[in-house]
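[1] Sequence and predicted structure are below.
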Amino acid sequence: MNQKQLATSAKNTWCPGCGNFAILNTIKKVLTVINEEGFPLDKIVMVSGIGCHAKIVDYIDVNSYYAIHGRVTPVAEGIKLANPDLKVIGFAGDGDAYGEGLEHIVFAAKRNIDITMIVHNNRVYGLTTGQYTPTSPLGFKGRSTPSGTAELPLNPLELMLASGATFIARAYSNRMDLLKRTFKEAILHKGFSLIDVLQPCVTFFNTYEYYNKHVYELTSHDSQIFDQALKKISEWDYNSEAPIALGTFYKIEKPVFEEQILKQKTKVLDRNLKIKETLANYI
Ligand SMILES: Cc1ncc(C[n+]2csc(CCOP(=O)(O)OP(=O)(O)O)c2C)c(N)n1
Ligand code: SF4
Ligand SMILES: [Mg+2]
């Protein structure tokens, strides 16, 4: 399998220069590598929401499912629970994951279900032409806020850390080498992983210059230490002029949800079998 074989005949309708192209090319590279290392591509399922980001599933020839807006995470969770052998990767927008679907990432993190969420965080509602989202900076002028937003943005990664996520990272679509390493690491991580990908929307919120000036890659960071993760995650609040750390902030091991659920299911099945056998003795 090579990257070309993962292409589809769907016409790409993203704006030229959109950060989504880098996410698409990178995930295709990572799927190719994972496949070369022995993981069958027919065991990959991609789930997307509604928005510019969501079109990514049209452009990659693996199993996929369009969820409704805000419901990427629960659909991905359902697929994983129904068939734990699958690797399930959710692609959500910031409006999708951090707005309408916010509660779902909290519970998926709390459960530590083994799915990967890739958030295309352009900090704007792209498809619906530029309204503000939970990660837009204070004063952001868009279609719904012509005079600028009057609220501070949310730091979604602080929320993920507090909710119990076992893999938390930030990447930038214009740093493709790190993007590739992070995607692979997250997909291979056993447990809930979320990558917040800073993805400029050239049409409604062009942040390339800002990020190019502010981002740096984490070095000598211990991703197993909660306090260190919190310190680095909080360094930039999605609003200030602070340096923006990229990389894996937090990575720990914890029991995964689907295994706990399957153990319970086996116990119930065993008990039902014993009841059947007992009843059969009386007949
Ligand atoms: C339940 C529901 N609510 C709202 C919408 C309208 N809607 C479609 S896409 C979208 C915004 C998408 O923004 P985001 O998730 O950030 O994705 P982007 O387009 O920026 O990639 C909205 C509000 C919808 N289709 N369904
Ligand atoms: S509107 Fe923004 S996010 Fe959507 S395709 Fe264009 S540049 Fe990309
Ligand atoms: Mg968006």
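    Arrived safely. Residues are numbered from 1 along each chain as shown. Ligands and ions are numbered 1, 2, ... in the order given.
[2] Just the closest residue of the protein to ligand 3, please.
    Gly93 (3.8 Å; Cβ to the ion). Where you see a C-beta, it was placed from the backbone N, CA and C, and this is true even at glycine.
[3] which ones are touching Ala76?
    Residues near Ala76 by Cβ atoms under 8 Å, 6 or more residues apart in numbering: 45, 47, 67, 88-90, 108, 115, 117.
[4] The host helix or strand of it vs ligand 3: in contact?
    When secondary structure is defined using DSSP states H and E, the element that contains Ala76 is helix 72-82. No - in this structure, helix 72-82 remains apart from ligand 3 according to Cβ under 5 Å from the ion; the gap is never smaller than 12.6 Å.
[5] Buried ones in that helix, by neighbour count?
    When neighbours are counted by 16 or more other Cβ atoms under 10 Å, the buried residues of helix 72-82 are found to be 72-77, 79-80.
[6] Ok, stretch 136-145 next?
    Quick answer for stretch 136-145 (16+ other Cβ under 10 Å): 136-137, 140, 142, 145.
[7] and the least confident of those residues?
    In terms of pLDDT, Gly142 ranks lowest among the buried residues of stretch 136-145, with 94.
[8] what's the spacing between it and Val62?
    Summarising the geometry, the distance separating Gly142 from Val62, computed by Cβ to Cβ, to the nearest Å, is 34 Å.
[9] try Phe91
    Distance of Phe91 to Val62, computed by Cβ to Cβ: 12 Å.
[10] picking that back up, what's the closest of the buried residues of stretch 136-145 to ligand 1?
    Top of the list for closeness to ligand 1, among those and by Cβ to the nearest ligand atom, is Ser136 at 9.9 Å.
[11] Helix or strand for the closest one, just tell me which one.
    Element membership of Ser136 [criterion: DSSP H and E] is none; it lies in no helix or strand.
[12] Could you list the buried residues of stretch 58-77?
    Using 16+ other Cβ under 10 Å as the test for burial, stretch 58-77 gives 58-65, 67, 69-77.
[13] Does Met46 fall in a helix, a strand, or a coil region?
    Reducing the assignment at Met46 to three states with DSSP: H, G, I helix; E, B strand; the rest coil gives strand.
[14] does it really touch Phe91, like I thought?
    Yes - here Met46 reaches Phe91: they are 6.4 Å apart, a contact under Cβ atoms under 8 Å.
[15] the more surrounded of those two?
    When Met46 and Phe91 are compared on other Cβ atoms under 10 Å, the one with more neighbours turns out to be Phe91, at 31 against 23.
[16] doesn't Ile56 make contact with the more buried one?
    Yes - Phe91 sits in contact with Ile56 when judged by Cβ under 8 Å, with a separation of 5.2 Å.
[17] who touches both of those two?
    When contacts are counted by Cβ under 8 Å, 6+ apart, Phe91 and Ile56 are jointly contacted by 23, 46, 48, 120.
[18] Please tell me which one of those residues counts the most neighbours.
    For the shared contacts of Phe91 and Ile56, the largest number of neighbours (other Cβ under 10 Å) sits with His120, at 30 neighbours.
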